[in-house]
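Undergrad: Would you be able to build a 3D model of this:
(chains A and B)
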Amino acid sequence: MDELLPASRVTPDDPAGPPGTDGVPVSAVPTPLVALVGPPNSGKTTLFNQLTGLRQKVANYPGVTVEKHVGRVKLGGGRELDLVDLPGVHGFSARTLDERVTKNVLEGKVPGIRSPDALVLIVDSTRLENQLMLVEPVLEIGLPTLLVLNMSDELEERGGRVDDGPLATRLGVEIVRTSARTGQGVEAVRAYLESVEAVPGGVEPVERNLTNVKAGTALPVVDAFAARRRLVREVVDEAGFVPPGPSAMSERLDALFLHRFLGPLVFLAVVLLVFQSIFTWAVPLMDAIDLMIVTSGEWLATTLPDSWFRSLLVDGVWAGVGSVIIFLPQILILFLFLGILEDSGYMARAAVIADRMMYRVGLQGRAFLPLLSGYACAVPAILAARTIDDERDRLATIFVTPFMTCSARLPVYALLIAAFIPDEPLLGPVVGKRAAVLLGLYGLGIVAAVGTAFLLKRTLLKARPTSFLMELPPYRIPAPRTLALRLLDRSKIFLRRAGRVIFAVTVVLWTLTQFPRSEGGAPEMDESALGRIGHVIEPVIEPLGFDWRIGVGLVTSLAAREVIVGTLGTIYGVETADEDPEALQELLRRDLEPGAAVGLLVFFAFALQCMSTVAVMRRESGGWKWPALQFTYMLLLGYAGAFVAYRVF
Amino acid sequence: MRVNFILKRSRRVGRRERFAKVSTVQALPVVEKLVPDPVRELRLGDIPLRQEVELVSIDLPADQAEPLLERGVLPGCRICPVRSSPGGDPIVSIDGSLLALRRETAACLCVRILSSLQDVA
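TA: Residues are numbered from 1 along each chain as shown, chains lettered A, B, ... in the order given. Reported below is the predicted structural model:
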């Protein structure tokens, strides 16, 4: 996943050394590399997308979870140039992962990525004073730099102005004005990129002092910043900078969105809208994908000759990978919504509203986004937690995210509730017993998440309360192009991460159902390796009221929760478990006491029955420690919960 | 770190026993900082909406102060609380940017009110 940089630029272990190229002599001039730097919300990614379009690659920086976006810009005369979109930062204290990565890339210290040949520094010109705080440390690097004054159309509309001439002279850089959203001025940036020449052998990595302050100092910190601040004030005065008037639209929207009573109501409405979209609008698309998978599987089954290979392909791979792909519509719709909320500026307000609530349980406002995403699927939700700048807060958030009732739990809940809970009214005609149980399971997840976060922040992730700071950017209309590219990104990551794991797990599970061979064919489930595993773990799950069949289901559902439905269907010999749920429900009622059924529901609410989540956790926490702890903790909680439920009901 | 520590002490003394316990802290070198100073005691959290103030000092450890400093929240800068979030946390305007803080953070920012006579320039 880390090797996605074009080979021509990869110079492992020696970023400054001569570039090794595939098929090209080493002496050839390498593709120039330009780094795009800027504060968050300055329009950096929009400009990056304007310049590179679809010619971009997303990977992770080695060893950290920060995404590396590298794109190729086509220049005149067949020349090409690589542009790296660095994470948005306010400074170089290297306190957050983003800052550390940006600093390392600029200093030429990241293995596999050469030292940049030039920089494009982009700032939001409506907030020039604030944004130029980043300029001094960036200019100190001493690379050729282009300063992009983005959103200059907005600056003028709101009555502000700045003179490029004095600004350019004073800072010693070239200046281009753009409106990255409309594409105005992007050609001028391209023209600048034409002039960038690769420095053969890479730029000499001078001792670049990108540190804000030395560790352990208190007052000098303030002094260093105050000096920088004075410099910025001088520069903007010389450039005749007139700050723009307040944006009337932004103020009016804030008056609503941050209103004492209406604000939380709008917040709730937005959350409900996202839910609604995940659970109703995605359904037709999911049904369509399901139909495609089933039909193509059947076609394969009838076309291929009967062999172990056909069985592996159809029963193993097709069914397994299909069970993941089916969530793609939900994930796309979810990310489309989140993208719109994020790019419009509302997400920052939502985080502020959520912060008080989250702070009480030991999390922070930015955790709201991943937790909400967790109702669709924990995998993209854990990825979404990257926006949390505090490492402890981020770990606590991704630790509790799998407690959110993801949509993979729903088929399991649906089967068991339909089989064991009578369809009777509970509170009047509106809320039936079944709906109440389902709501209770959602509530159980929330309670577990809150309790766990509370516990974590008082034990393993104990820390001084962090200072939650959230910049509220002006409201803007999201650029469709940026949204589309991000959707593409997200779905690729989801399919790659989840697909791989599910593929491996389903192949293993399928193999376990095929051996030992009896009379040259697959054995009865009872006799197969998988069935034997079920028998082996039966004593462990007996106190919960589960027999070996449920045990097999618990093992197979490690791949993905909903797999248990298909597995139980297979074990009970109900081939068409999906089409004829009544038969399976009947058999379940015969073998499972009502208390044990409630226990099974509770088990699924708590236990981390999802290898994709474990895999993503390993990736995002940088090791096995957290996923192992999380898996064990959630398993024990599920076991205890099921035990209690079995005794009580 | 040390100076911050002293500032914290001064706040504690200032809050509880403003005039009584000067003797215990007199051994410290920066004595003048410990004299109760009504201006220093004013915190950003106490400022009403739309009252522009000047930041005097940040009473936070360096690692927590730095994100503020990077966003231009520096001694000498002008801050104006413009809104209160539904949860009661301040949203301030600084250099044309809106910044949401927690009230716990705002309580650590010492400010002084700009009197219209001296500070117009």
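Undergrad: any idea which residue of chain A is furthest from its center?
TA: Computed with Cα atoms, centre = their mean, the residue of chain A farthest from its C-alpha average is A:E519, at 48.3 Å.
Undergrad: Quickly note the distance from it to A:H535.
TA: When Cβ to Cβ, to the nearest Å is applied, the distance between A:E519 and A:H535 equals 21 Å. All C-beta atoms are positioned from the backbone trio N, CA, C, and that covers glycine.
Undergrad: Tell me the pLDDT of the nearest residue to A:G545 once chain neighbours are set aside.
TA: The shortest distance from A:G545 to any residue other than its chain neighbours is 2.9 Å, reached at A:A596 (Cβ to Cβ, 6 or more residues apart in numbering or on different chains). pLDDT recorded at A:A596 is 93.
Undergrad: element containing A:A596, please.
TA: helix A:594-606 (DSSP states H and E).
Undergrad: which regions of chain B sit below the pLDDT cut-off?
TA: B:1-40, B:115-121 (pLDDT under 70).
Undergrad: Show me how far the helix holding A:A596 is from its chain's centre.
TA: On the basis of Cα atoms, centre = their mean, to the nearest Å, helix A:594-606 sits 30 Å off its chain's mean C-alpha point.
Undergrad: Flag every buried residue along it.
TA: If you call a residue buried by 16 or more other Cβ atoms under 10 Å in any protein chain shown, then helix A:594-606 has these buried ones: A:G595, A:A596, A:A597, A:V598, A:G599, A:L600, A:L601, A:V602, A:F603, A:F604, A:A605, A:F606.
Undergrad: Then stretch B:96-104?
TA: In stretch B:96-104, counting by 16+ other Cβ under 10 Å, buried: B:G96, B:S97, B:L98, B:L99, B:A100, B:L101, B:R102, B:R103.
Undergrad: Please determine whether the helix or strand harbouring the fourth one lies in contact with chain A.
TA: What it means is B:L99. Using DSSP H and E, B:L99 sits in strand B:97-100. Yes. Strand B:97-100 is in contact with chain A by Cβ under 8 Å from any Cβ of the partner chain, via B:S97, B:L98, B:L99, B:A100.
Undergrad: A:P39: what secondary structure?
TA: For A:P39, the assignment made with DSSP: H, G, I helix; E, B strand; the rest coil gives coil.
Undergrad: okay, now it: neighbour count?
TA: When neighbours are defined as other Cβ atoms under 10 Å in any protein chain shown, A:P39 has 24 of them.
Undergrad: From A:K457, how far out is it?
TA: Counting by Cβ to Cβ, the gap from A:P39 to A:K457 is 29 Å.
Undergrad: again, but for A:L588
TA: Counting by Cβ to Cβ, the gap from A:L588 to A:K457 is 40 Å.
Undergrad: For chain B, give me its nearest residue in chain A.
TA: Proximity of chain A to chain B (Cβ to the nearest Cβ) peaks at A:R356, 3.1 Å away.
Undergrad: residue contacts, the closest residue to chain A within chain B?
TA: Closest contact between chain B and chain A, by Cβ to the nearest Cβ, is at B:G87 (3.1 Å). Taking Cβ atoms under 8 Å, 6 or more residues apart in numbering or on different chains, we find B:G87 in contact with A:V352, A:I353, A:D355, A:R356, A:M357.
Undergrad: Wait, the residue of chain A closest to chain B touches B:G88, no?
TA: Yes. Between A:R356 and B:G88 a contact is recorded at 7.4 Å, counting by Cβ atoms under 8 Å.
Undergrad: Those two - which one has more neighbours?
TA: A:R356 (17 against 11).
Undergrad: In space, what's closest to the more buried one - neighbours in sequence excluded?
TA: B:G87 (3.1 Å).
Undergrad: Phi, psi for the one you found please.
TA: phi -80, psi 0 (degrees, to the nearest 10).
Undergrad: Can you tell me how far it is from A:P305?
TA: B:G87 is 66 Å from A:P305, by Cβ to Cβ.
Undergrad: any idea of the pLDDT on A:P116?
TA: So, for A:P116, pLDDT stands at 89.
Undergrad: Report the contact partners of it.
TA: With Cβ under 8 Å, 6+ apart, A:P116 has these contacts: A:L33, A:V34, A:A35, A:V84, A:V105, A:L106, A:G108, A:L143, A:V203.
Undergrad: Secondary structure element holding it?
TA: Using DSSP H and E, no helix or strand contains A:P116.
Undergrad: Next, the closest residue to A:F241 other than its chain neighbours: phi, psi?
TA: Among residues not flanking A:F241 along the chain, A:V162 sits closest, at 4.5 Å (Cβ to Cβ, 6+ apart). Here is the backbone geometry of A:V162 (degrees, to the nearest 10): phi -150, psi 140.
Undergrad: What number of residues are in the vicinity of A:V162?
TA: 20.
Undergrad: likewise A:P166?
TA: 16.
Undergrad: With just CA atoms, put the helix or strand hosting it into CSV.
TA: Using DSSP H and E, A:P166 sits in helix A:164-171. C-alpha atoms of helix A:164-171 as CSV (Å, rounded to 0.1, in the frame of the first residue of the first chain):
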residue,chain,number,x,y,z
ASP,A,164,0.5,41.6,-5.1
GLY,A,165,3.5,43.7,-6.1
PRO,A,166,4.8,44.7,-2.6
LEU,A,167,3.8,41.3,-1.2
ALA,A,168,5.9,39.5,-3.8
THR,A,169,8.9,41.8,-3.4
ARG,A,170,8.8,41.6,0.4
LEU,A,171,8.5,37.8,0.6
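Undergrad: average pLDDT across the strand or helix carrying A:R647?
TA: Taking DSSP H and E as the criterion, A:R647 maps to helix A:625-648. Throughout helix A:625-648, pLDDT has a mean value of 95.
Undergrad: try stretch A:519-539
TA: Stretch A:519-539 comes out at a mean pLDDT of 82.
Undergrad: Pull out the buried residues from that stretch.
TA: A:A522, A:P523, A:M525, A:S528, A:L530, A:G531, A:R532, A:I533, A:G534, A:I537, A:E538.
Undergrad: list the contacts for the nearest residue to A:G531 once chain neighbours are set aside?
TA: Leaving aside its sequence neighbours, A:G531 sits nearest to A:M525 (Cβ to Cβ, 6+ apart; 4.9 Å). With contact taken as Cβ under 8 Å, 6+ apart, A:M525 is in contact with A:T513, A:G531, A:V552, A:T570, A:I571.
Undergrad: any idea which helix or strand comes after the helix or strand hosting A:L146?
TA: Per DSSP H and E: A:L146 is located in strand A:145-150. The element immediately downstream of strand A:145-150 (helix or strand, assigned by DSSP H and E) is helix A:152-157.
Undergrad: Pull out the buried residues from that next one.
TA: Residues of helix A:152-157 classed as buried: A:S152, A:D153, A:E154, A:L155 (neighbour count, 16+ other Cβ under 10 Å).
Undergrad: how far away is the closest residue in space to A:V271 that isn't next to it in sequence from B:I58?
TA: Among residues not flanking A:V271 along the chain, A:L372 sits closest, at 6.4 Å (Cβ to Cβ, 6+ apart). Remark: distance between A:L372 and B:I58 (Cβ to Cβ) = 33 Å.
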